[in-house]
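**Student:** predicted model and sequence follow; I will ask about them next.
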Amino acid sequence: MAGPVAFFAVFFAYPVAAIVGRGLDVGGAWQFGRIGEVLGDPDILQVLWFTSWQALASTALTLLIALPGAYVFARFDFPGKQLLRAAVTVPFVLPTVVVGTAFLALLGRGGMLDQLWGVRLDTTVWAILLAHVFFNYAVVVRTVGGLWSQLDPRQEEAARVLGASRFAAWRKVTLPALGPAVAAASLMVFLFTFTSFGVVQILGGPAFSTLEVEIYRQTAQLLDLPTAAVLTLAQFAAVGAILALHAWTVRRRESALRLVDPAQTARRPRGAGQWSLLSGVVASVAALILVPLGVLVQRSLDTPGGYGFGYYQALQSQGAGGGTFLVPPVDAIWNSLQYALVATAIALVIGGLAAAALTRRAGPLVRGFDALLMLPLGVSAVTVGFGFLITLDKPPLDLRSSWILVPLAQALVGVPFVVRTMLPVLRAVDGRLREAAAVLGASPLRAWREVDLPMVRRALLVAAGFAFAVSLGEFGATVFIARPDNPTLPVAVARLLGRAGDLNYGQAMALSTILMLVCAVSLLVLERIRTDRSGEF
Amino acid sequence: MSTTTITRMTVTAVAAALGVTTLAACGSSDDSGSSGTKSKTVTLVSHDSFAASPAVLKEFTKETGYTVKVLKSGDAGAALNQEILTKGSPRGDVFFGVDNTLLSRALDNGLFTSYTAKGLDQVSADVQLDAGKHRVTPIDSGDICVNYDKKYFADHKIAVPQSFDDLVKPEYKNLLVTENAATSSPGLGFLLGTTAKYGDSGWESYWKKLKANGVKVVDGWEQAYNEEFSGSAGGKKAKGDRPLVVSYASSPPVEVLYAKPQPKTAPTGVATGTCFRQIEFAGLLDGAKNTAGGKALIDFLVSKTFQEDMPLNMFVDPVAKNAKVPALFTEFGAKVTDPETVAPDTIAKNRDQWVKSWSSLVLK
Amino acid sequence: MLRLEGVSVRFGARAALDAVDLEVADHETVCVLGPSGSGKSTLLRVVAGLQEASGKVFLDGTDQSGVPVHRRGVGLMFQDHQLFPQRDVAGNVAFGLRMRGAGRAEQVRRVAELLELVGLPGAQGRAIAALSGGEQQRVALARALAPQPKLLMLDEPLGQLDRGLRERLVVELRELFGQLGTTVLAVTHDQGEAFALADRVVVMREGRVAQVGTPLEVWQRPASEFVARFLGFDNVVSATVSGEVADTPWGKVPVVPGALQGECRLLVRPAGVRLVPVDDGLRCTVRARTFRGHHVAVILEPAVGPPLEAECPPAEAPDAGATVGAAFTAGDVVLLPPEPDRA
């Protein structure tokens, strides 16, 4: 556990503490008066209130829409399942700049709702809520569905035999078993929506502002570090409370589960009820996720001379009329993949070790660390980025202008995914199998590799997939952290969108489409690996 | 299984992981230049919009022997603020991209050391805002102006607006989209333009009228220009329905440059009476490791070579009088003769209050 | 081979093992017998190094303190086998060999050999989930034996199997251990299993050793009322011995000559309760009878004293409700020490 602790101390706790300290400690005197001052500001109170309730509403809505999806993905076999599962994960990893644009095509002027019913939801809070569902659908489907597919259906059957109705059996047997996963997913969704930045800005318009937006503004734009520090602390407090609540619910419900091969639990839907559930889920996925993604593709192909690959061809050049980039945009794809791979590796090592340590220990200290691992999700990228600047500036850790900072910052966000995904499965592994391996001569590390690893391989793959995808689409850290000029895909897209002109816009759409495809393909590969090994698992 | 073995094994594994990380970091810092004693690398820190032709940068290397390493970190505001945070121990030698709306903050923080660039005599005096001390050197200028969709006004047979006063007229009701002054640089520029035009007492009542006339505010330039504006390529696809947008005077030439095939006239025009002038500066960072290289780089930034390359990379006007403005600009751009300006220290003094009042006036 | 000195394990206030001393000689099979919660599984875990304990564990004369599990070189067959579900039979059996760095060819050879030995030739490629309980048992045994551990420990080795299989396997195991010369420490709650398997039996109670002896010794001379009752003997009463007669609630009971005089507890094995005509013995009513194959267990309700269990040939078993007489055979009467600590 020392490793993850050291990692978080150096690359998270210290930088964040330093930047907050810089804000509150003026000339050696702590300015605690600022706290009351800032929190008494009615504008800030309004921001706090809006941040909280929209997050709560978004989480509820996401669960409502995505839980049936989790069930369908866990229990049903249908053609195109892998493709669909990869597709629903794509939004999660796309930069908000791009997604906002796409989502407007659904809700905004001339969008699907507008054409069908004359309803426009852009710049309303509904746009924000639905976009949050769009983004976080995959979180619920992957976290909850992943566990659900491995729950032994016979448990529910046993309850049915004992006289429980179908619903009662689900409620009394499956739901409690899913509890930790649902809690984990809700927590993540709440965190993501509580700290929502791009979605709120693009779809909500300037009238809506979250804490995260305000922190960004105070830090990056106004350099009002005291106010930013107070807001960061407020966000910390909120996130801390959420995490404490989460730890409590998990502790109450956690139990060793009987896990089975997911291939055994999924089957073709039967009967009108199951078919209509399946089609309902597919329809909602299509409307909420595939349509906005489709718009991106459509716009990337819609050149002035008719549909074609003109924008894609343009990507390979150095910029038609004067170099927009020092490198061709197509290189951004390669840069992104490299960053994402390094970030995934770091996240897997740190997260895997943390999860392994957390599995074997108990006690308040360990639970505290468990919660600490989640904190980076609740802290603004700008806070971390600026914190890096003022802390990692002396040898041996003068990393300020090193490329490694970007994957490090991305890994900070990836680690919680790894831990959250692996922990429930690791905890469900029977400890005596590990003992059996030890008695047969396996060292602890070897036992982990021989026993835990094969059993959690699937969870590990899911975790890796998430970490990879998050890194791939990560925008905040990549933008705020100074780096040599090798833009990642999201940065390149943002740069193209920041310029006028048809070719720039078209190339932005083309790059977004490529980013989307890269994500989809990576995710699809992960799905493949899993099914290929399912006989062994 | 004893807990000590687990701890030991964890420590080992993580040490290995961190070791790899550190090694990787070291590996990369070798070419960063800052570690070498006699550095032949000069580091330019800038915002995300910085761009230059590789050929031009190579020419600099050929002339001076220095290789330019560019570090980008966020938009103009974020990049500057990062410099302020690392004051005294900067990441690079030269910072480019502080504009007149942020200049006072940079100077008050003592970010730069004085240096009079060679070739400054070619730079017009009205952009030399720190002429006395030469802590910063002007590099480019640009105008934030209302752009209009030519087709819309032709189709509807309405005259295009030309001035701030025009925008509040009833025929332009519900036509303008602008950006949030609190989060967007053109949004702030437009606001500053109105404060310059109508003064401390008048700008608020102007915005009240503008609001009554149906101005729409979105958060960023990308949404305003690519989504809401009906004249841009993106806006057309997104079925944007606002024919007036706050953008740059260089936007029409850019629309032409990035259209295939290139049209004979720009699809959009500039309301030249609604402009606010932005001037961008570069400065030698206090504590720079390669001062000589930094000075050479600043000289280069105001040289004819760079000044002529710059417009089509960053879509700004050169400040050097000997630099030719590209034909694209003269042919498709508008000549802004009398832009609004505000002194940097006035901006520094009032900006927060202006933005705050503006927010409660327009957004609420 | 194995020596424990004053081994204690505490779980909170409860002592799972309380100063246990134990020795297992080379090639000996020792069975630890006791009810659940008596600490017998903990004992195995301590020897394997899976459980921290105070006291000392010696293997081949070497103190094992600080030696991690994987370096102790003992084999342990877990109660529910704990076969690795993601590996096939060969993968499970070869596991220990792989951990010791055995070559590929050696693994293949040993796996085949062991599967032959446990009666599952050719099962290498089978999936664990497809095995029956007995087959899993055999695979678990083969896996534990494969690395040729100096000490093989079995935790409830036959616990979950059906009776017929269990009886057959016990014989097989005994033969196998004899053949291989393995030193075995097994743990079970089933006396039949322990007696059939072991050279020596250790009866445990609440973390302490209650009795050590050969199966015959333990069976014939339980050291305490606890051991007697654990072996299934319930005909235990308080008695006062004088001469060759004990005074009990059932009346006078004969004891063997030379018995310890005075107050004690007294056990009459059911085989020593003879059914006689009503007037020739203690008058009893037959309350229930249970068919046990070669004999019938009859529960008697004596006119005086607690219920009494008797054994009689099936043909002679009286019906429930009948009135019979009961007489006692001195050879089946065992005198036990009084149990002051037991309420």
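**Tutor:** Yep, that arrived.

**Student:** can you map out the strands along the stretch 201-343 of chain C?
**Tutor:** Along the stretch 201-343 of chain C, counting by DSSP state E, counting those that start in this stretch, strands occupy C:208-213, C:236-242, C:245-248, C:251-254, C:262-268, C:273-276, C:282-291, C:296-302, C:308-312, C:323-328, C:333-336.

**Student:** just checking, what packs against the last one?
**Tutor:** In terms of contact count using 3 or more CB pairs under 8 Å, 6 or more residues apart in numbering or on different chains; DSSP states H and E, strand C:333-336 is assigned the packing partners helix C:225-230, strand C:236-242, strand C:262-268. C-beta coordinates here come from the backbone N, C-alpha and C atoms, glycine included.

**Student:** what's the per-residue pLDDT of residue 296 here?
**Tutor:** All of this is about chain A. As predicted, residue A:296 sits at a pLDDT of 83.

**Student:** I was thinking of chain C, sorry if that wasn't clear
**Tutor:** So, for residue C:296, pLDDT stands at 89.

**Student:** my guess is residue C:42 meets residue C:51, correct?
**Tutor:** Yes: between residue C:42 and residue C:51 there is a contact under CB atoms under 8 Å: 6.0 Å.

**Student:** any residues in contact with both of the two?
**Tutor:** Common contact partners of residue C:42 and residue C:51 (CB atoms under 8 Å, 6 or more residues apart in numbering or on different chains): residue C:9.

**Student:** okay, the two: which has more neighbours?
**Tutor:** Ranked by neighbour count (other CB atoms under 10 Å in any protein chain shown), residue C:42 and residue C:51 place residue C:42 first, with 23 against 20.

**Student:** is the helix or strand containing that one positioned near chain B?
**Tutor:** Assigned by DSSP states H and E, residue C:42 falls within helix C:40-48. No: if you take CB under 8 Å from any CB of the partner chain as the test, helix C:40-48 misses chain B, and the best it gets is 10.6 Å.

**Student:** residue B:60 versus residue C:266, what's the distance?
**Tutor:** Distance, residue C:266 to residue B:60, using CB to CB, to the nearest Å: 110 Å.

**Student:** just to revisit the earlier point, what's next to the helix holding residue C:42, contact-wise?
**Tutor:** By CB under 8 Å, 6+ apart, helix C:40-48 touches A:435, A:439, C:2, C:4, C:7, C:9, C:16-17, C:20, C:22, C:32-34, C:51, C:53, C:57, C:59, C:69, C:72, C:74, C:76, C:79, C:151, C:153, C:155-156, C:185, C:187, C:189, C:204, C:207.

**Student:** what's the average pLDDT for that helix?
**Tutor:** Mean predicted confidence for helix C:40-48 is 90.

**Student:** show the subsequent helix or strand relative to that helix.
**Tutor:** strand C:54-59.

**Student:** that next one to helix C:40-48, inter-axis angle?
**Tutor:** Put simply, strand C:54-59 runs at 70 degrees to helix C:40-48, going by axes from the mean of the first three to the mean of the last three CA atoms, to 10 degrees.

**Student:** so which bits of strand C:54-59 are buried?
**Tutor:** Across strand C:54-59, burial judged by 16 or more other CB atoms under 10 Å in any protein chain shown covers C:55, C:57, C:59.

**Student:** host element of the closest residue to residue A:480 other than its chain neighbours?
**Tutor:** Closest residue to residue A:480 apart from its sequence neighbours, by CB to CB, 6 or more residues apart in numbering or on different chains: residue A:385 at 3.3 Å. When elements are assigned from DSSP H and E, residue A:385 belongs to helix A:381-391.

**Student:** tell me the helix or strand right after that helix.
**Tutor:** For helix A:381-391, the following helix or strand on the C-terminal side (DSSP H and E) is helix A:405-428.

**Student:** show the average pLDDT along that next one.
**Tutor:** Mean pLDDT, helix A:405-428: 81.

**Student:** so the closest residue in space to residue C:172 that isn't next to it in sequence, which of the three states?
**Tutor:** Nearest non-adjacent residue to residue C:172, counting by CB to CB, 6+ apart: residue C:119, 7.4 Å away. At residue C:119 the chain is in coil, as set by DSSP: H, G, I helix; E, B strand; the rest coil.

**Student:** tell me how far residue C:249 lies from chain A.
**Tutor:** Distance from residue C:249 to chain A, counting by CB to the nearest CB, to the nearest Å: 47 Å.

**Student:** check contacts around that residue.
**Tutor:** Neighbour list for residue C:249: C:237, C:238, C:304, C:305, C:306 [criterion: CB under 8 Å, 6+ apart].

**Student:** unless I'm mixing things up, the fourth one is touching residue C:250, no?
**Tutor:** The one in question is residue C:305. Yes: at 4.2 Å, residue C:305 counts as touching residue C:250 under the criterion of CB under 8 Å.

**Student:** about what we covered before: of all the helices and strands packed on strand C:333-336, which one is nearest chain A?
**Tutor:** Comparison of those against chain A by CB to the nearest CB identifies helix C:225-230 as nearest, at 26.6 Å.

**Student:** taking the stretch 101-250 of chain B, what residue is nearest to chain A?
**Tutor:** Nearest residue of the stretch 101-250 of chain B to chain A (CB to the nearest CB) works out as residue B:233 at 3.2 Å.

**Student:** what's the following helix or strand after the helix or strand of chain A with the lowest mean pLDDT?
**Tutor:** Sorting the helices and strands of chain A by mean pLDDT, DSSP states H and E puts strand A:483-484 at the bottom, at a mean of 64. For strand A:483-484, the following helix or strand on the C-terminal side (DSSP H and E) is helix A:489-497.

**Student:** do that following helix and chain B meet at all?
**Tutor:** Yes: Helix A:489-497 comes into contact with chain B (CB under 8 Å from any CB), by way of A:491, A:494, A:495, A:497.

**Student:** roughly how far apart are the second one and chain C?
**Tutor:** This means residue A:494. Here residue A:494 is placed at a distance of 44 Å from chain C (CB to the nearest CB).

**Student:** what's around that residue, how many residues?
**Tutor:** Count around residue A:494 with other CB under 10 Å applied: 23.

**Student:** now swap in the first one and tell me
**Tutor:** By the other CB under 10 Å criterion, the neighbourhood of residue A:491 contains 24 residues.

**Student:** nearest residue to residue A:132 other than its sequence neighbours?
**Tutor:** Once flanking residues are discounted, residue A:132 sits nearest to residue A:58: 3.8 Å by CB to CB, 6+ apart.

**Student:** average pLDDT for the helix or strand where that neighbour lies?
**Tutor:** Using DSSP H and E, residue A:58 sits within helix A:42-75. The pLDDT scores in helix A:42-75 average 90.

**Student:** what's the answer for stretch B:185-195, then?
**Tutor:** Stretch B:185-195 carries an average pLDDT of 93.

**Student:** next, see if it gets close to chain A.
**Tutor:** No: if you take CB under 8 Å from any CB as the test, stretch B:185-195 misses chain A, and the best it gets is 8.9 Å.

**Student:** re the thing from before, the residue nearest to residue A:480 reaches residue A:409, doesn't it?
**Tutor:** Yes: contact criterion CB under 8 Å: residue A:385 and residue A:409 qualify, at 6.8 Å.
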